[in-house]
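J.: Here is the input, now give the coordinates:
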Amino acid sequence: MNVGEAASAPPAAVAARIAALRDQLSHHLYRYHVLDDPEIGDADYDRLFAELQALEAQWPQAVTPDSPTQRVGAAPAVDFAPVAHRVPMLSLNNAFDDADATAFDRRVREALGVETVAYAVEPKFDGLAVSLLYVDGVFVEGATRGDGTTGENVTANLRTVAAIPLRLAGDALPRRLEVRGEVLMLRADFDALNAAQDARGDKRFANPRNAAAGALRQLDARVTAARRLTFFAYGLGEIDGGDVPHATHSARMAWLAERRLPVARDRAVVTGVDGLLRWYREIGARRATLPYDIDGVVYKVDDLAAQARLGFVSRAPRFAIAHKYPPQEAETRVRAIDVQVGRTGALTPVARLDPVFVGGVTVTNATLHNEDEVRRKDVRVGDTVVVRRAGDVIPEVVAVRMEHRPDAAPLFTMPATCPVCQSAVARGEDEAASRCTGGLYCSAQRKQALLHFASRRALDIEGLGEKLVDQLVDGGHVRTLADLFTLDAATLGGLERMAAKSAANLHAAIDHAKQTTLARLVHGLGIRNVGEATARDLARHFGSLDALMAAPVEQLAEVPDVGPVVAASLRAFFDEPHNVEVIDALRAAGVHWPEGPPAPRPATSEPAAGAARDPVIGRTFVLTGTLATLTRDAAKARIEAAGGKVTGSVSKRTDYVVAGEAAGTKLETARTLGIAVIDSEAALLALLDRAGSAAPGALPA
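T.: Predicted coordinates:
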């Protein structure tokens, strides 16, 4: 295809396919992020997305701002431009007890001259208020609340929030529509974010609101895209035309939901102050089980004409109020500070407390996260502390009452050896977490180590799942990875719910796993910061386990994509005698793998004009369909062993598409993009046999 063709509009059939893909993807995003009821799996969604990406890459003139592909974060912005709100974004006054709510209802009734009032009620999200501007149904601008009259333009960041539709559904849409709502982070996503922070040794986020605020105000929208933010609409600002309801607030919320904008499911219309207080207590009773943090509920006069009559006072409306819940905090005394060892080896200080009732439960323990947090908060045994609990989140110490500190309260010091297995404790230079280095030996890490070792991408022991690992470890049958290979069928058959045939199958799978590859073994050892791709690079670079184990940090860092942190993790792992003992025991139990000289390295620069280029090393492959004898994993392993790379989607950077029987849309995309197609297993193996030689640089037809 030449440049002129790339700039032209796509053929009608292609344009129709692009439109259909966008509709499908938008539908599935709505089902997943708004309704929490997906219709297809992630792999199917990724396939549709990759197809749309490929078509838009081929026909850039067809790209539109509301395409699902445009959610990907943009490059860093210099600053956030100001956005003037045409309709001010005002705050709400607060009610802190039943008397405040009763007084609010009385003021509303007196101002309207009625006996009872219908109120729309909904949760008060603990997030950040934003406005979304839609022009003819297309999202064009997003801004923060700011000071209520002027906010900051965060359009690029809001585009990455999957719950926000880039185009509204339905007909008769307003020419301009400003949607008001809250950006927040769900509790499950917040927990996952902090788990990732812990794994990297980075500082934890204090709460979901802080995490969401930091993500939304990133100058680099790609950072925002990496965080799982969501959005809930709670009202409207500017409206120009369209069929928007003008009678009640509750009707507008239903209309927004029909336009595929997420609104709170926990919303209702109640009558009078009794209805308000019942709603307040009902949501309060369920507060701990909600998927998001709330700090209260919001009461709004449902009738929009009545809202207009009531108007505003100062910077808040007279027709609405936020009824806040009491803080989920309490004071108690620290009796001791213990150290727990997690399944990944992270050492976590835990405050043992005098029992205190907070957040609906009696709390006796609270996390202190890591040594830096203990020092920052200066928590000591004997201190009086403030403990916070929100929902199912682990209680934490948030402050120390210094005025109550006893004399000679000792400073906390992280132990130098693991309290479980006495292996050395190490802390990375840029990490907050201290970790036990006895990964294969430490009983606190044993179950996680076994599950990882047996996983599909490691030694692939089919049938060895979590429940069986629990029984094997708790029953004392397995203490190290090597013990797996000493198990007999009788021992396995004695496990709960393990029939004789299942025991025989598992025993055979364990025996089969003795023959593996160096890359799988290294990955299966569970070395911190060493994933599947890094393990493969290490195996290729060193060729043998002994060479890898003996390599100094400087030599480890020579491996592609292995930096100082990964090199230090490797050296710390192999320097721990307990880990070496387990590796020796694995060898003694019969676990073996082929070894040899290091594989050929990819060239560090492009070959000179006219020079031969290897047909595999450094090339990118995509697999689709079923090959004659090789499984997908086996084919991938053969390609990577020869120096190639295997990815999941076709793009302009793809060198080859390997197409077996029943190849899917990846093959169609490859042909559309003019990418070389390898149409048989025999052709693939022939190409791999040429790897590392001075083969012609031309790709096969």
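J.: tell me the helices in the stretch 51-200 of the chain, going along the chain?
T.: Secondary structure of the stretch 51-200 of the chain, counting by DSSP state H, counting those that start in this stretch: helices at 98-112, 155-158, 187-200.
J.: Can I get the ones you listed in a markdown table including mean neighbour count, mean pLDDT and distance to residue 649?
T.: In short, each C-beta sits where N, CA and C put it, glycine included. Converted to a markdown table, these look like this (neighbours: other CB atoms under 10 Å; pLDDT from 0 to 100; distance: least, CB to CB, whole Å):
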| stretch | mean neighbour count | mean pLDDT | distance to residue 649 |
| --- | --- | --- | --- |
| helix 98-112 | 15 | 95 | 54 |
| helix 155-158 | 24 | 91 | 24 |
| helix 187-200 | 16 | 86 | 24 |
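J.: With distance to residue 224 added, can I get these in JSON lines?
T.: As requested, the helices of the stretch 51-200 of the chain are exported to JSON lines (distance: least, CB to CB, whole Å):
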{"stretch": "helix 98-112", "distance to residue 224": "37"}
{"stretch": "helix 155-158", "distance to residue 224": "4"}
{"stretch": "helix 187-200", "distance to residue 224": "13"}
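J.: Quick one: closest of the ones you listed to residue 248.
T.: helix 98-112 (14.6 Å; CB to CB).
J.: so residue 243, which of the three states?
T.: Under DSSP: H, G, I helix; E, B strand; the rest coil, residue 243 falls in the coil class.
J.: Contacts only, for it.
T.: residue 172 (CB atoms under 8 Å, 6 or more residues apart in numbering).
J.: do residue 348 as well
T.: 339-342, 367-370.
J.: okay, the closest residue to residue 17 other than its chain neighbours: pLDDT?
T.: Computed as CB to CB, 6 or more residues apart in numbering, the closest residue to residue 17 that is not its neighbour in sequence is residue 55, at 6.7 Å. Note on residue 55: pLDDT of 88.
J.: for the one 10 residues further on, same thing?
T.: Looking at residue 65, its pLDDT reads 75.
J.: Looks like it contacts residue 138 (just checking).
T.: Yes - at 6.4 Å, residue 65 counts as touching residue 138 under the criterion of CB atoms under 8 Å.
J.: if I look at those two, which residues touch both of them?
T.: In contact with both residue 65 and residue 138: residue 166, using CB under 8 Å, 6+ apart.
J.: Now do the phi/psi pair for the closest residue to residue 118 other than its chain neighbours.
T.: By the measure of CB to CB, 6+ apart, the closest residue to residue 118 outside its immediate chain neighbours is residue 302, 4.6 Å from it. The phi and psi values for residue 302, taken as degrees, to the nearest 10, are phi -70, psi -40.
J.: Residue 302 against residue 116, yeah?
T.: No - at 11.7 Å, residue 302 and residue 116 do not qualify as touching, with contact defined as CB under 8 Å.
J.: So for these two, which residue has more residues nearby?
T.: residue 302 (23 against 12; other CB atoms under 10 Å).
J.: Now do the contacts for the more buried one.
T.: 118-120, 248-250, 269.
J.: Which of the three states applies to residue 350?
T.: Assignment for residue 350 (three-state DSSP): strand.
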